[in-house]
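1. how would this look folded up:
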Amino acid sequence: MIDSEPNSIHHITALAGDAQRSADFYVKALGLRLVKRTVNQKDPLTYHLFYGNSKGSPGSTLTLFSWPMGIQGKPGPGEAVKIALAVPSHSMGFWAEQFGKEGIDFDGPYDRFGKQAFGFRDPDRMQLELVFDERVNQLSAPDQGTVPADVGIRGLFGTTLKLESHEGTEEVLTDVFRFRKRDQQNGALHYTTDALLGGSVIIEKAKPVPSARGRGSIDHIAFRARDLDELSQLREQVMKIGLFPSEIVDRHWFHSVYFSFAGSIHFEISTDGPGYTVDEDPETLGERLMLPPWLEPQREMIEKRLPPVKV
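-> Residues are numbered from 1 along each chain as shown. Model (predicted):
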């Protein structure tokens, strides 16, 4: 039986274009740390870069598949369309100045279910938000980044989904991941847990319109499982509501299960461990290309094909 500890988002993965351009934005402009430099395990000649807080703790990481030749994405119904990042409640003045210095256009502040927020986009036009949340003031931020630690990004606040119908996704959020429907604003539904990071999912009603998956699209949302036992239990719960999850997949830094609705958002469930420090010292996270053991025989070929990324 899964206990009452609040569940939350583990990480969110999106599609990017040029890896260096993304690194400059997320590390230099937003002050995140590159905590894992690796490759897409299904396409090992392309980067998979993980950005997060100093330790890359669960709930802090936004990860990007780099597809330099990919088309520009056009978000539509059945997708996650926005990633919200949690920042201290007292940091609004800093971020307004930082965005001005970096030439980042932003909207706000505006109300987002009772919290103030800024809306902006990354270099691939993916929608992002900074949510000013007093609950994360106590959490640490990257202490070796370009942004002062007292105002830095703490991790994920949550995500926004655009769906034609919310019922099936609501069942996953509430019955599997123990989110609660909290409130409604301008037709959007807000689901939360008590987790300090990654505890918010917003569902907005969407009409059927043409969309395209590409640069700036969000690929999937991963929710947390403490360990393999909980991952197995959550997988069984997904099956009980009539969905078809994958077998457990070893990703080296965590184990995962994948599932989705027909024509809807892709979900993942990922374990907290072993974690990003299983093969690197905490002080040197993200400094060199790390490969899971089964890709090590291809290292020479992979390194020759990947462009350098400097942070």
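2. tell me the average confidence for stretch 94-109?
-> Confidence over stretch 94-109 (mean pLDDT, whole number) is 97.
3. stretch 197-208 too?
-> Per-residue pLDDT over stretch 197-208 has a mean of 93.
4. and if you look at stretch 281-299?
-> What stretch 281-299 shows for mean pLDDT is 96.
5. now find how far off-centre that stretch is within its chain.
-> Computed by Cα atoms, centre = their mean, to the nearest Å, the chain-centroid distance of stretch 281-299 equals 21 Å.
6. which residues are contacting that stretch?
-> Stretch 281-299 is contacted by residues 33-39, 41, 44, 50, 54-56, 250-252, 276-277, 279-280, 302-303, 306, 311 when judged by Cβ atoms under 8 Å, 6 or more residues apart in numbering. No exception for glycine: its C-beta is placed from N, CA and C like everyone else's.
7. same check, this time on stretch 203-212
-> Stretch 203-212 is contacted by residues 71-79, 81, 160-164, 166, 169-170, 187-189, 191 when judged by Cβ under 8 Å, 6+ apart.
8. with stretch 131-147 instead?
-> With Cβ under 8 Å, 6+ apart, stretch 131-147 has contacts from 27-33, 53-54, 84-92, 94, 98, 109, 112, 115-117, 149-155, 157-158, 196-197, 200.
9. on that earlier part again, which of the contacts of stretch 281-299 are buried?
-> Buried by 16 or more other Cβ atoms under 10 Å: 33-39, 44, 50, 54-56, 252, 276-277, 279-280, 302, 306, 311, out of those.
10. what pairs with Phe120 across the strands?
-> On the basis of DSSP bridges, Phe120 is bridged to Phe106, Leu128.
11. now swap in Gln184 and tell me
-> For Gln184, the beta-bridge partners are Leu189 (DSSP bridges).
12. select only the buried ones of the contacts of stretch 131-147 in ChimeraX?
-> Buried members of those can be picked out in ChimeraX with the line below, counting by 16+ other Cβ under 10 Å:
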select :27,29,30,31,32,33,53,54,84,85,86,87,88,91,92,94,98,109,112,115,117,151,152,153,154,155,157,158,196,197,200
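13. among the contacts of stretch 131-147, name the ones in strands.
-> Assigned to strands by DSSP state E, the following of the contacts of stretch 131-147 qualify: 33, 84-87, 109, 112, 115-117, 155, 157-158, 200.
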